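J.: My questions are about this predicted structure, shown below with the sequence.
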Amino acid sequence: MTTISANLQAVKSRIQAAARSAGRDAGAARLLAVSKSWPAASVRAAFTAGQRAFGENYVQEGVAKIHALDDLDLEWHFIGPLQSNKTREVAEHFDWVHSLDRVKIAERLSAQRPAGAPPLQVCLQVNVSGEDSKGGGAPAETAALARAVERLPRLRLRGLMAIPEASDDVELLRRRFALLRELLAQLNRDGLQLDVLSMGMSDDFEIAIAEGATIVRLGTAIFGPRPTKGLA
């Protein structure tokens, strides 16, 4: 488990260095540790090393970890595809959703968020690379979705999220991340007050930070290669 602590320190140093290199404040980009497929013990080790925010892609797995670690003060982000039959569990257990791309899902999350809970923080996922295999709405549809989500109770629209195609082409990745940044800026010019760009993963987060990322989602760089066995 000491490897997780060392990896976290190294990653945070790289995040701060990337922000400074881009002329931004060292703390401009926040780390979200992606713990999908890793057991609760690994999350606990990361918590002990100072990490508080964790991202999960699968509802059942995430909820099981939330229950197993309910003695810790953690912030849970849902970052995977979300189907209608899973919205209640997400609305009841998670603090954030990054992958919102349909009004129907937003309406269900709003209706199912417990009345006594803080508003569910949400980001709209945008398909910046146009891949059929990727989730997210088309860039041209973002403004309409944002307006619809903004009106819903018990949700707080915070910004945009993207997962560009994997590529060794740095300039291509910069363009993808820049598109998301420009979409956010346009929404704010149109009267919204959004402050989150959730973009960048273990292989490209420094490029994303250079283009304005405020949350980077890293798993492998912290926990190592995904385990092939269960979560016990």
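T.: Received the coordinates, thanks.
J.: which residues in the chain form strands?
T.: In order along the chain, the chain carries the following strands (DSSP state E): 30-34, 53-56, 75-78, 96-100, 120-125, 155-161, 196-198, 215-218.
J.: Run through the bridge partners of Gln121.
T.: The residues listed as beta-bridge partners of Gln121 by DSSP bridges are Trp96, Arg156.
J.: list the contacts for it?
T.: With contacts defined as C-beta atoms under 8 Å, 6 or more residues apart in numbering, the neighbours of Gln121 are 95-97, 156, 158. From N, CA and C alone the C-beta is placed, and that goes for glycine too.
J.: how close does it sit to Ile209?
T.: Distance check for Gln121 against Ile209: by C-beta to C-beta, to the nearest Å, it reads 21 Å.
J.: and what of Gly137?
T.: The span separating Gly137 from Ile209 equals 24 Å under the rule C-beta to C-beta.
J.: In terms of neighbours, single out the busier of these two.
T.: Set side by side, Gly137 and Ile209 show unequal neighbour counts under other C-beta atoms under 10 Å, the larger going to Ile209 at 27 against 18.
J.: And the pLDDT for the residue nearest to the more buried one when sequence neighbours are not counted?
T.: Excluding the flanking residues, the one nearest Ile209 by C-beta to C-beta, 6 or more residues apart in numbering is Ala18, at 4.1 Å. Listed pLDDT for Ala18 reads 98.
J.: Hmm, Ala18 is touching Gly212, no?
T.: No: counting by C-beta atoms under 8 Å, Ala18 stays clear of Gly212, with 11.5 Å between them.
J.: Switch the strands of the chain over to CSV; also include mean pLDDT.
T.: Supplementary listing: those in CSV, determined by pLDDT from 0 to 100:
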stretch, mean pLDDT
strand 30-34, 98
strand 53-56, 98
strand 75-78, 98
strand 96-100, 98
strand 120-125, 98
strand 155-161, 98
strand 196-198, 98
strand 215-218, 98
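J.: Now distance to Arg14 too, for those strands, in JSON lines please.
T.: Formatted as JSON lines, the entries for those read as follows, by distance: least, C-beta to C-beta, whole Å:
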{"stretch": "strand 30-34", "distance to Arg14": "10"}
{"stretch": "strand 53-56", "distance to Arg14": "17"}
{"stretch": "strand 75-78", "distance to Arg14": "20"}
{"stretch": "strand 96-100", "distance to Arg14": "21"}
{"stretch": "strand 120-125", "distance to Arg14": "23"}
{"stretch": "strand 155-161", "distance to Arg14": "21"}
{"stretch": "strand 196-198", "distance to Arg14": "18"}
{"stretch": "strand 215-218", "distance to Arg14": "10"}
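J.: what ranges do the helices span in the chain?
T.: 2-21, 40-48, 59-68, 87-93, 103-112, 142-150, 170-189, 205-210, 220-223 (DSSP state H).
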